[in-house]
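Visitor: Provided below are the primary sequence and the corresponding predicted coordinates.
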Amino acid sequence: MKLTIKLQDLLKQNETAIAATSTLLGQGLAIINGTGVESITSEQLTLLFAGIPANWDFPELTEIFDASTLTETVANQLSQWIDQRLGREVELNPTPEPTTETSPTHLDIFELRQDVVGDYRRSLVTS
């Protein structure tokens with residue numbers, strides 16, 4: 001059974017603690033839980049990966065990161081950092097793909113006003 005390490009707590013520790021954890025990760029003895037971490041710096045990733053073999057790619061890294069606990073931002077930062085580490089071309093700040101669906105949070109205040117006025121008029125007529 002692997003030791004579960006909360007990334008949120010680990011990032012509050014000093015460099016020595018992060019490096020020691022990195023050694024455990026590199027030996028496959030621990031897994032990172034990213035719950036509560038909204039972003040991670042390149043410096044923190046460098047410390048975190050210090051003890052992890054340089055040739056590890058996504059298949060090996062999925063063994064030490066609980067992907068279900070990573071935010072999309074952290075997952076993207078991690079992915080970009082790994083690509084850079086392995087010398088692959090990295091697209092910084094990828095352009096999000098446009099969506100074809102209407103956003104459910106769209107609110108047309110004029111349409112809403114018309115609905116309210118219409119409801120009010122109907123209530124006056126039926127009263």
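Guide: Thanks, I have the structure now. Fair warning: this is a prediction, and the values are worked out from it, not measured in the lab.

Visitor: check contacts around the nearest residue to residue 70 once chain neighbours are set aside.
Guide: Of all residues not flanking residue 70 in the chain, residue 34 sits nearest, at 4.1 Å (C-beta to C-beta, 6 or more residues apart in numbering). Heads up, the C-betas are built off the backbone N, CA and C, glycines and all. Contacts for residue 34 were tallied using C-beta atoms under 8 Å, 6 or more residues apart in numbering; they are 7-8, 65-66, 69-71, 74.

Visitor: what are the buried residues along stretch 58-73?
Guide: Using 16 or more other C-beta atoms under 10 Å as the burial criterion, the residues of stretch 58-73 that qualify are 61, 64-66, 69-70.

Visitor: so how far is residue 81 from the residue most central in space within the chain?
Guide: With distances taken as C-alpha atoms, centre = their mean, residue 71 lies nearest the centre of the chain, 2.3 Å away. According to C-beta to C-beta, to the nearest Å, residue 71 and residue 81 sit 15 Å apart.

Visitor: contacts only, for the residue nearest to the centre of the chain.
Guide: 34, 37-39.

Visitor: run the last query once more with 6 Å
Guide: Contact analysis of residue 71 by C-beta atoms under 6 Å, 6 or more residues apart in numbering lists residue 38.

Visitor: in the chain, which spans are helices?
Guide: Counting by DSSP state H, the chain has helices at residues 7-10, 15-26, 42-48, 58-61, 72-85, 109-126.

Visitor: what's the burial count for the residue nearest to residue 73 when sequence neighbours are not counted?
Guide: Nearest non-adjacent residue to residue 73, counting by C-beta to C-beta, 6+ apart: residue 39, 5.4 Å away. Applying other C-beta atoms under 10 Å, we find 10 residues neighbouring residue 39.
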